[in-house]
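> can you look at this prediction? I've put the sequence above it.
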Amino acid sequence: MLKGIGASGGYGIGKAVVIKDCSLDYKSVKYTTPENEKARLRKAVDVFVSETKELIAGLTESAGESEAQILEGHLVMLQDPFMLSQMEENIDSGSVAEAGVDAVCTMFIDMFSGVDDELTRQRASDVKDIRDSLLELLLGVKRVDISAVPKDSILVAKDLTPSMTSRINARNVAAIITEVGGVTSHSAILARAMGIPAVLSLIGATDIISDGDELVVDGFKGRVVQNASSEELEQYRLKYAQFLQEKESLNEYFAKPTVTKSGVTKRVYANIGRPEDVQNVLQCSGEGVGLFRTEFLFMDRDRCPTEDEQFEAYSTVARVMGDREVIIRTLDIGGDKAVDYLNIGKEENPFLGHRAIRYCLDNTELFKTQLKAILRAAQFGNIKIMLPLVTTVDEIKRARTLIDECSNELKNECKRYKRVSVGVMIETPSAALISDLLAKEADFFSIGTNDLTGYIMAVDRGNANVSDLYDAFQPSVLRAIEMTIKNAKSAGIPVGMCGEAAADSRLIPKLVEWGLDEFSVSPSSILQTRKSICSCD
């Protein structure tokens, strides 16, 4: 039995196809002239752009627009004038095109890899994907054709980059196993979107597993069984059949009210990262948006989005959702997320550093620009503001003061706006412990179990060595959740949850019992979450 991180639920039974890294050694490439090397580079870039656009079209059809955005991010990065000019400067200094690409991409990879935030580290994987693709084109190396693997193949690789994953024929791939990655990695996101079970961070997978090995993959528990016995195979075949049956049965919960057996109404919302994701919420029968991660509006660009640009994004979501709630989390960024133009200093421990609400309260002009955009957009729907990483009562008081300032300034500017509810994201041990005090200042709570679990258990969720500790079912995490819900109820304010645990069928009965009002999950988990809630007493 091999153990990794279960990153995409489901069961896969089939034969291993081990993908080994091909050689991208360019030492034997001879330098010609700067013009010729630049021409080779531009040709490789043009081919890369053309192929990526084709992949985006295919991925949009197989996994959806929001997942295709991952590859569109590749185009944005590569077409950045700074990146290309740096490559050409290296060529002018006597480097072959391959060395120019390698040096610049490696610089970005090192920069993104040096932070603690897993989401930011994924950008290092994106740049590596770009680098390897360009080197393959320059060297004429042919990559493994993942689209042509036989039916019931289980792909085993050190890493499956977004461009590789996008070539997968979901009908033929039974499961995915990689040596790196976690639940928020791009390979995991794409695997879930395509309905392919995945186990990531299985250390040494490409050495332990051989081509043709019979494998059973459990994407729920992160387990892989090599050359299973007939009894084990039968057990997993039964589990797989039951899984398919349950998946089919979820259709009856589409647009069905979320009501427990005892008649208590709950709400199932969705988490989104970009305005275009809102269509998935309605298509999957979401009752609202419980978390709009606004940091994505600030990333992969060379300047802050303007008030009008942000207004357009927020109002688009509000208009689509109509009367349904849209909870917008203010900028959750800082030392742990690389946004070059913000000039955020490098910190020894960015997860405990100058980020989220702390950064925003110290950069009031940037923060007020966002708040004004949200207040203006609120007139088109049912928008609420949520503050991330709150640890003190003073932080919400200071944020409210700024919101009042923004309202007065908008009034003086003769711009239409609407006052909104202001809530707190409970994602730190401090916030949970003083949730009774925060409830006196906040209009609502949303429990962010991803960070709350990590902070309470002192564990990195992307580290396979300690992944067993990263579990919202740990007694200390459960106590923090129960305390928060009870304090919200005592204060008479609604309380929701927007972490992965909101979709955990083991935890949902407890959350219902304690009185959680709203469950915000990924769009693909909405129906299963609603079913679990409707099954509760």
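Arrived safely, thanks for sending. Just so you know, these numbers come straight off a predicted model, no measurement behind them. Numbering: from 1, shown residues only.

> show me what the helix or strand where residue 242 lies is packed against.
Element membership for residue 242 (DSSP states H and E) is helix 230-249. Applying 3 or more C-beta pairs under 8 Å, 6 or more residues apart in numbering; DSSP states H and E, we find helix 230-249 packed against strand 11-19, strand 214-218. Placement of C-beta: from N, CA and C, glycine included.

> residues touching residue 107, list them.
Residue 107 makes contacts with residue 86, as judged by C-beta atoms under 8 Å, 6 or more residues apart in numbering.

> which phi and psi does residue 200 have?
Dihedral pair for residue 200: phi -110, psi 170, per degrees, to the nearest 10.

> quick check: it touching residue 192?
No. Between residue 200 and residue 192 there is no contact under C-beta atoms under 8 Å: 11.5 Å.

> common neighbours of those two, please.
Contacts common to residue 200 and residue 192, judged by C-beta under 8 Å, 6+ apart, are residue 7.

> quick one, which of those two is more surrounded?
Each of residue 200 and residue 192 has its neighbours counted (other C-beta atoms under 10 Å); residue 200 has more, 29 against 22.

> how near is the more buried one to residue 225?
17 Å (C-beta to C-beta, to the nearest Å).

> can you lay out the helices and strands packed on helix 230-249 as a markdown table showing distance to residue 102, mean neighbour count and mean pLDDT?
Shown next, in a markdown table, are the helices and strands packed on helix 230-249 (distance: least, C-beta to C-beta, whole Å; neighbours: other C-beta atoms under 10 Å; pLDDT from 0 to 100):
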| stretch | distance to residue 102 | mean neighbour count | mean pLDDT |
| --- | --- | --- | --- |
| strand 11-19 | 21 | 21 | 91 |
| strand 214-218 | 34 | 23 | 94 |
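
> any low-confidence regions in the stretch 101-250 of the chain?
Applying pLDDT under 70 to the stretch 101-250 of the chain picks out residues 114-122, 143-145, 162-163, 165-166, 184-186.

> all the helices of it, residue numbers only.
With DSSP state H, counting those that start in this stretch, the ranges of helices along the stretch 101-250 of the chain come out as 118-139, 162-165, 186-194, 205-208, 230-249.

> looking at these, which is closest to residue 358?
Proximity to residue 358 (C-beta to C-beta) singles out helix 118-139 among the helices of the stretch 101-250 of the chain, at 17.2 Å.

> and the longest helix for the chain?
For the chain, the longest helix by residue count, based on DSSP state H, is helix 34-62.

> now the angle between helix 118-139 and that helix, please.
Using axes from the mean of the first three to the mean of the last three C-alpha atoms, to 10 degrees, the direction of helix 34-62 lies 130 degrees away from that of helix 118-139.

> so how far is helix 34-62 from its chain's centroid?
25 Å (C-alpha atoms, centre = their mean, to the nearest Å).

> got it, and stretch 455-468?
Relative to the mean C-alpha coordinate of its chain, stretch 455-468 is positioned 17 Å out (C-alpha atoms, centre = their mean).

> kindly check the end-to-end length of that stretch for me.
15 Å (C-alpha to C-alpha, to the nearest Å).

> list the contacts of it.
Stretch 455-468 is contacted from outside by 3-5, 116, 118, 121, 181-185, 201-203, 222, 427-429, 450, 453-454, 469-471, 474, 476-477, 480, using C-beta under 8 Å, 6+ apart.

> just the ones in strands from those residues, please.
3, 5 (DSSP state E).

> narrow the contacts of stretch 455-468 to just the buried residues.
Buried by 16 or more other C-beta atoms under 10 Å: 3-5, 116, 118, 121, 181-185, 201-202, 222, 427-428, 450, 453-454, 469-471, 474, 477, 480, out of these.

> so which residues of the stretch 251-400 of the chain form helices?
Counting by DSSP H, counting those that start in this stretch, the helices of the stretch 251-400 of the chain are 278-283, 307-321, 356-362, 364-377, 393-412.

> could you list the buried residues of the last one?
Just to be clear, that refers to helix 393-412. By 16+ other C-beta under 10 Å, the buried positions in helix 393-412 come out as 393, 395, 396, 398, 399, 403, 406, 407, 410.

> residue 447 is in contact with residue 481, isn't it?
Yes. The criterion here is C-beta under 8 Å, and residue 447 meets it with residue 481 at 6.0 Å.

> overlap in contacts of these two?
Common neighbours of residue 447 and residue 481, counting by C-beta under 8 Å, 6+ apart, are residue 497.

> once you drop chain neighbours, what's closest to residue 53?
residue 75 (7.5 Å; C-beta to C-beta, 6 or more residues apart in numbering).

> look up how far residue 47 lies from that neighbour.
Residue 75 is 13 Å from residue 47, by C-beta to C-beta.

> thanks a lot, catch you later.
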